[in-house]
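K.L.:
have a look; sequence and predicted model below, questions after that.
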Amino acid sequence: MHMIIEDYQRLSNITEQMRNAAAAGEWDDLIELEKRCSQEVEKIKPRDGVPTDEASRKQKADLIRKMLADDKAIRSYTEPWMRQLERIMQSARSEQRVQNAYLAQG
């Protein structure tokens with residue numbers, strides 16, 4: 001069962017790197033780390049289980065809580081950026097509609 005704890009520790013390290021990348025606005029790094037995180041999760045899934053000893057169960061639960069906290073922090077950085085990106089895209093679409101309407105009149 002120690003292998004599962006090692007798996008979760010590796011996954012936790014990646015989510016921490018993701019959190020740091022998001023805090024620094026390193027979006028390309030965040031995307032690459034997100035891919036690594038997904039790959040790790042896929043590797044872990046087939047062999048995941050509940051550890052038999054109390055210490056390992058607690059350690060696994062602590063790692064999960066840390067990863068959830070990392071995820072929450074990542075969202076706190078990415079959601080404002082996504083809203084800003086959405087506004088930019090809406091503005092560009094509006095500008096394109098105005099240009100299309102103007103050209104259609106000409």
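P.N.:
Nice, I can see it. Numbering: from 1, shown residues only.

K.L.:
now the most centrally placed residue in the chain, nearest residue through space, not along the chain?
P.N.:
Centrality entry for the chain: nearest residue to the mean C-alpha point is residue 34, 5.4 Å, by CA atoms, centre = their mean. In space, and not counting its chain neighbours, residue 34 is closest to residue 18: 6.4 Å by CB to CB, 6 or more residues apart in numbering. Every residue, glycine included, has its C-beta placed from N, CA and C.

K.L.:
let me see the contact set for the one you found.
P.N.:
When contacts are counted by CB atoms under 8 Å, 6 or more residues apart in numbering, residue 18 touches 30, 33-34, 37, 70, 74.

K.L.:
what about this structure, any weak spots by pLDDT?
P.N.:
For the chain, applying pLDDT under 70 flags the ranges 1, 106.

K.L.:
for it, which segments count as helices?
P.N.:
Secondary structure of the chain, counting by DSSP state H: helices at 2-23, 27-44, 54-105.

K.L.:
from the middle of its chain, how far away would the first one be?
P.N.:
Taking the mean of its C-alpha atoms, helix 2-23 sits 11 Å from the chain's own mean (CA atoms, centre = their mean, to the nearest Å).

K.L.:
pull the distance from stretch 43-60 to the chain's centre.
P.N.:
Remark: stretch 43-60 is offset 22 Å from the chain centroid, using CA atoms, centre = their mean.
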